[in-house]
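1. here are the coordinates; sequence isn't available:
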C-alpha cells in the first residue's frame, strides 16, 4: 500500500529547510525586506543560498542540474516555506525550471535551478515577484510557458511577502506541454497552505495555553479550544490528502488531477478558516500589524487566488465519473 | 415609526391559541392521530373548534364571515401553531379562504372560515393535508386557485403531523389575482418556523440547565451554551423581520415582497440550524422517536420545501435595485 | 404591531432627506491617520449641528433637538440612505460617553460636555481594555489613587481608538484594590491633554494606526471628573455597555445595507449574480441587512421606558458581527484575485476582523445570551 | 512517502475484486428490525469467511488470514468499490470486541470468541453508555458485585444497538463504588441470553428500533468473563475506544465515497451540477471523500508498531462526522421537496444525526484534540 509517512530523508529536507529559514529568513527579516520601498521580496544573496541548498532543483533531473527527487520532496520543502511565510518566487521558479527542462532548454532550467534567473508568476491582470529581466510563468490546462519580463510597474498588494506589479513581457522563451503541470502547482500551493494551517494551529495553541482571562488560560474555554481543534483537524486532513496527491501526480496516474485538486481545495478551506480563527483566538493583539497573525491570513488569501478561480479546482474534483480505488 | 411590539390584543391571540393547543392538541395528541393508519392529521371536531375560535378567518373581511383583522394577527397565531407543531391544514385553509373571498366566492370563504371545508396544498408532485372532497390550494406569482380534490392515494411522508398523498383534482373552483399572495404565504410559514425555533431554543435551554455530565449541567459547556445562544439570536432576528414583513405585506407597500422573502429566508435558516443543533444538544435521547426533537426537525424540513425552491425566495430578495428606507 | 402613518414622521423624514441631499459632503473621508480625519469628522458634525440635526433625541438643554428615539432612528436611516459619512472619530462620544453622561453624570458634567459633543468640538475615546484584561473588564489594573481632591492615575490602556486626536476619554480605573474584582472601579472623564498621558499608536492589520496604547503616569485629574462616585464605576460601565446595545451605533450597523447594495449592483453588472453560489449568499446578506433595520424597530418598539436595553438585545450585536464577517468575505469572493490589490472591500474585510473582538468578543456575547437570556449556568 | 508498486498487493487486490464480483449478494439488506437483519448479515459474513476473506489481519490461530493491516485496508476498499453490504450487526464485533479481546483478552477468551465472530456465528453489541452517563463514561453506575466466582450485574445500559439479535455484549460495569470515578470499572463479556437481561428496543428518529435499553437485574456471569482483571476496566475500555480510532470502521467511513459518487451521478443526470452552489458543495464533499481514504493510508503508514492509535487520529472521526453531516444535508438539498417522502437519502440524513453523538459527541472529540494533541488546559 502507498506509504504516506515521510521517510527519514524527506523529514531531513523539512528539518534542514526549517533551520535555514529560521536563521536566514525569519519573519523579522521578511518584515525588513517588505519595508524597503521598491525592494525585492528576497535579496539576491539569500536567494542564491536557497538555490545552493538545491531548493529550486529538487525534482529537476540530474542532466538539468537537478537532484532527481520528486514532488513528495518538494512538498516537504514547500510545507516549510508556507509555515515560515518565506518570501520570493519559490513556487514559480520551481515550476518554471520544470517548464524549461521539459520544454528542451536545459541551460535555462539549470540557470533557474541555480538561482541565476528568477521566475515570477501571472496573477489575473498582475504579476507577482517578477522584475525586469526575470522570467514569467504562465500556466494553463495544457502546460506552461516562460516569457521574458520587460518592464514592471509596482502595485501595492496585500501580502507583505509578495511583490505585485503590472508587467509587459516578450514572446514565450520556452513552453512545455504537460497536462499535469497545474496539478503540480496545486500540490505545491497546498503544501504551503498546509504549512500555514500548521503554523497558526501552533500559534493559537501556544497563546491559548498562556493567555489568561477570567482567571483561566483561554484554552480552557471550549470556544477557543474547539477552534484550535478545528485547525488540528484541518491540518491532519490536508496533510493526508496532500501526500497522497504528491505521489499520484509524480507517478502521473489516472486520477492525479482529481487528487491534486482535492488536496488544494481542502488546503484552501483549512487555511482560510484557520488563519481567520487564529486572529479571533488572539483577540485584539491578533489584529495588530506587529503580530504575525495577519501575515498568515494574507498569504493564505494569495495562495487561494494564485492559480485560477476556485471553480476550475471544483471542475477538476468533479471530473472523474467515480472515485477509483 | 412602525411599531413592531405586539399589542395587548395581539398578545392575547397568541396566549389564547397557546392555551387551546396545549389543552386540545398537545403533541401527545398529534402522536395519537399520527398512529391511526389512514387517519386525518386532525379530527373534524377539533378542526371545527379551531374554526369556532376564528383561527381560519382572522384576516377575512366581515362580510365573508371573518374578523377583519390582518396578517400581524395571523402571525401571532401561526407562531403558536409552529411552536406546538399543530397538525392540519391551517396555513392552506387560511390562504384558501382568502383566495375564495377575493375571487368572489364569499360563501366558499365562509365555509372554509367556519371549518366546513378544508383546504390542502400542493407540494411538488404530491399534495398535503387534502382528502377527497377537500379543496386544494395552488399558488404562483400571480395569485392562487382552489380546486376540488377528487381522489387521493396516501404516501408516507416524513412529518408525522402532515398527511401526504397523490391526488387528482378538478378544474379550478375559484381563482384570484394577488401578486402578494406568495408573500403572505411566506410570512405565515416564517411565523410557523419562528415558533419552531423558539420551541427548540427553550427545549435545549431547559435540558442544558438540568442534564448533568462530567459533574456539571451541560449548559455550562460553551459548545452547548453557544448553540443555545445561536438559537436565541436566530429567534430574535427572525421575529423582528417577520413582524416588519407582516405589516408591509398587509399594507401592500412596494417592498413587501422583498421583506416577506427576507423573513422567510431567515426563518428557514434559523429553524434548519436550530432544530438540528437541538438534537445535538440532547445527545442520544434527542435522537429517539419518543422525544419531540425530531418532530421539530421534520416540520421545519416541510416548511422549508412547501412553497417552491429556495431560489425563488432568493430572487424575491434580490429583486429590488436597492433597499428602500 | 402597527405600521406608522403619522404625517409628522413622514414630514420629518422628508425634511431630513432634503437637508441631506444638500449637505452631505462631496469629498469622502480622508484615508489618513493624521489630524485631517478629526477635521473632516468635526466639520461634518458641526454642519449637522448647525443644521439642527445633531442629537435628535438629546435634550434641548444640552443642545439636542429633544425629539424621540423614533426620529433619531429615522435620521440614522436617512444618513445611510444618503451615503453620508459616519460619525468617525465621534463614535465613542455619541455611542458611549454621551449616553453614559446623560444617564449617570452630574448636571455640571452634562452641561459642559454634551453640547461640545453635539457641536463637533470634542471627540472622545474609550479607555476600558488593558493589555491584561480584554473581554475580562473586572480584571482591570490601572490604578486611581485619591489624593486630596484629585485622583492620581497610573497604568495603561489599550485599543483606544483615535486617542491621539481626542480631547476626552472615558476611563475605567481601579480605585480600591482590596475590593472584589468588579467592585472598586471608578469611571472618570480623562482630559487626554494632561501631563503624564503618553499615547502610542498601534498599527492595525490594514497598515493604519486605528488604535493606541495609552500610558498614564501619575496623571492627576480632579475628583469632579468622576462620573457617579468613586468605586461605583462598574455600574457606570454597565450603563456604557448597555448604551452600546441601544440603537446608538445604528447608523454604523445600517451602513451594511449600503455595502450589500453595492455588492448586489456589482454582481448584476458583472453577471456574477447568475452564479447561484454567489446569489445564495447575496440573498442571505440582503435579508440579513433588512433584518438589521427591523431589529432596530423591534428594539425601539419593545424598549421599556427609562430602562437600559435588556440582555436579549445582545442578539443584535452578535448577529450583526456574524453577518458582517460573511458579507465582507463574500465581497472578497466576488472580487476574486483583485482582492489582493487593496481594493476598498479588501480593506473593509481586514478591518472587520475587529468586529468579533472589539467591545467584547463574540464568544463572550454568546455567553451573555446563554446565561442572562436563557438562564444557563456559568 | 512512497507509492506502492508491489505485485503481491496488486494481486491481492485483483483477487479480492474478482471474488467480490462473484460473491456480493444481489439482494440488498432488508429494511427491517426483525431477525432477518441478523440472518442477512450473518450469511454475508459467513460467505466472506468461507471464501477466506474474514479477518484479513487477524491471526490464523483465531481463524483470520494473518495478513497485514495493509491488506485489510485494501479489502475494505474493495468491499466499498463493489458496493458490498457493510458489516451491519457485526460492526461492534469487528470494530470493538474483536480488537479489544485480541489486545486484552486471555487465550481462552480469544480462542473461543474470535473464530465465532469471523465465521458470522456471534454478533456482539456494546453496553457502555447509561441513561445518566453518555459521553461521561467515568460516571457509570451499573453495578457488578463479585460473589464467589461470579459477578452479579445490576443496572441498565442504553443505546445498545441490535441488543435483541446479539449473542454477546461488551459491558462496562462499576465493581468498586468507593474508587475514584474512572477507577473501579470492569470490562466483561456479557452473554445476552442470560436470565435477568431485559432488552427493550428504542425507536430512533427514522421510526426504526436501531438501539435498545438493556436492563440487568442480578445477572450472574462467571468471573472468567472478565477481560483483563476486575477493576481495570477503564484501561480496557480505552483499548476499545482506541480501536475505534483505528481503521476498524474504515469500510463504513469509505461508504461515504459511494454516497458522494451517487450524488455526483444524480446531479449530472439532472443537470443540477450546473448549479454552482450545488457544484461547490459536491466538490468539497468529493475532495473530503478522497481525504477519508488518504487519511486511512496516512494513519496506517504512521502507526507505531504495537501501539494504539494516538489522540491525533481523533481528527479522522471528527472530520468524518462533519463531512457526513454536510453530505447528507447536501443530499436533502439536491432532492428538494422529494426529500419529504422517505427517500433513502432522507433516511440516511436522519440516521446521521447520530453521527456527532454516538460513541462520544463531537464536542468531546474536539476537547480531546484540544487537550491531548494541542496540550490545552481542561
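-> That came through, no problem. Note that the coordinates shown come from a computational prediction; the quantities given were computed from them, not determined experimentally. Numbering: from 1, shown residues only, chains lettered A, B, ... in the order given.
2. Write out the residues of the stretch 201-350 of chain C neighbouring chain B.
-> Applying C-beta under 8 Å from any C-beta of the partner chain, we find that the stretch 201-350 of chain C lies next to chain B at C:257, C:260-261, C:264-265, C:273, C:276, C:279-280, C:282-284, C:286-291, C:293-295, C:297-302, C:312-313, C:315-316, C:318-319. For every residue, glycine as well, the C-beta is placed using N, CA and C.
3. anything in the lengthiest helix in chain C near chain A?
-> Criterion DSSP state H: the longest helix present in chain C is helix C:276-302. No: for helix C:276-302, no contact with chain A is found by C-beta under 8 Å from any C-beta; the gap never falls below 9.1 Å.
4. residues contacting residue 73?
-> Assuming you mean chain A. Contacts of residue A:73 were listed using C-beta atoms under 8 Å, 6 or more residues apart in numbering or on different chains, and they are A:10, A:13, A:58-59, A:67.
5. try again with chain C
-> B:1, C:247, C:250, C:296-297, C:300.
6. change it to 7 Å
-> Residue C:73 is in contact with B:1, C:247, C:250, C:296, C:300, counting by C-beta atoms under 7 Å, 6 or more residues apart in numbering or on different chains.
7. Over to it. Which of the three states is it?
-> helix (DSSP: H, G, I helix; E, B strand; the rest coil).
8. Tell me where the stretch 201-325 of chain A is predicted with low confidence.
-> By pLDDT under 70, the stretch 201-325 of chain A has no low-scoring segment.
9. who in it is up against chain C?
-> With C-beta under 7 Å from any C-beta of the partner chain as the criterion, the stretch 201-325 of chain A comes near chain C at residues A:213-214, A:221, A:223, A:279-280, A:283-284, A:287-290, A:294, A:301-302, A:305, A:309.
10. Show the buried residues in those.
-> A:213-214, A:221, A:223, A:279-280, A:283-284, A:287-289, A:294, A:301-302, A:305 (16 or more other C-beta atoms under 10 Å in any protein chain shown).
11. Please work out which residue of the stretch 151-300 of chain C is closest to chain A.
-> residue C:203 (3.7 Å; C-beta to the nearest C-beta).
12. Not counting sequence-adjacent ones, nearest residue to that residue?
-> residue A:289 (3.7 Å; C-beta to C-beta, 6 or more residues apart in numbering or on different chains).
13. Could you do residue A:38 as well?
-> Nearest non-adjacent residue to residue A:38, counting by C-beta to C-beta, 6+ apart: residue A:154, 6.4 Å away.
14. same check, this time on residue C:347
-> residue C:206 (5.4 Å).
15. Give me the distance between the one you found and residue C:345.
-> Separation of residue C:206 from residue C:345 (C-beta to C-beta, to the nearest Å): 12 Å.
16. And residue 204, its phi and psi?
-> Using chain A. phi -70, psi -40 (degrees, to the nearest 10).
17. please go with chain C instead
-> Per degrees, to the nearest 10, the backbone of residue C:204 is at phi -90, psi 170.
18. Near the closest residue to it other than its chain neighbours, how many other residues are there?
-> Excluding its sequence neighbours, the residue lying closest to residue C:204 (C-beta to C-beta, 6+ apart) is residue C:210, at 4.7 Å. Residue C:210 has 19 neighbouring residues, counting by other C-beta atoms under 10 Å in any protein chain shown.
19. isn't residue C:210 right up against residue C:159?
-> No: if you go by C-beta atoms under 7 Å, residue C:210 and residue C:159 don't touch, sitting 9.1 Å apart.
20. So stretch A:212-222, near chain B or not?
-> Yes: Stretch A:212-222 reaches chain B (C-beta under 7 Å from any C-beta) through A:221-222.
21. What is the host helix or strand of residue C:200 packed up against?
-> Residue C:200 belongs to strand C:197-202 when assigned by DSSP states H and E. Secondary-structure packing of strand C:197-202 (3 or more C-beta pairs under 7 Å, 6 or more residues apart in numbering or on different chains; DSSP states H and E): strand C:211-222.
22. which stretches of chain A form helices?
-> A:8-24, A:27-35, A:44-52, A:71-83, A:90-102, A:106-113, A:181-210, A:222-251, A:256-282, A:293-305, A:310-318.
23. Name the nearest of the buried ones among the residues of the stretch 201-325 of chain A next to chain C relative to chain D.
-> Closest to chain D, out of all of those and judged by C-beta to the nearest C-beta, is residue A:221, at 9.4 Å.
24. Report pLDDT for residue C:346.
-> Looking at residue C:346, its pLDDT is 97.
25. for residue C:305, same thing?
-> For residue C:305, pLDDT reads 70.
26. how about it, secondary structure?
-> Residue C:305 ends up coil, using three-state DSSP.
27. show me where chain C has helices.
-> C:7-23, C:36-50, C:69-81, C:91-92, C:98-104, C:107-118, C:233-245, C:250-270, C:276-302, C:314-335, C:344-351, C:362-368.
28. how far does the second one sit from the chain's center?
-> So that's helix C:36-50. 17 Å (C-alpha atoms, centre = their mean, to the nearest Å).
29. What does the residue lying farthest from the centre of chain A show for phi and psi?
-> For chain A, the largest distance from the centre (C-alpha atoms, centre = their mean) belongs to residue A:215, which lies 39.7 Å off. Per-residue torsions, residue A:215: phi 80, psi 10 (degrees, to the nearest 10).
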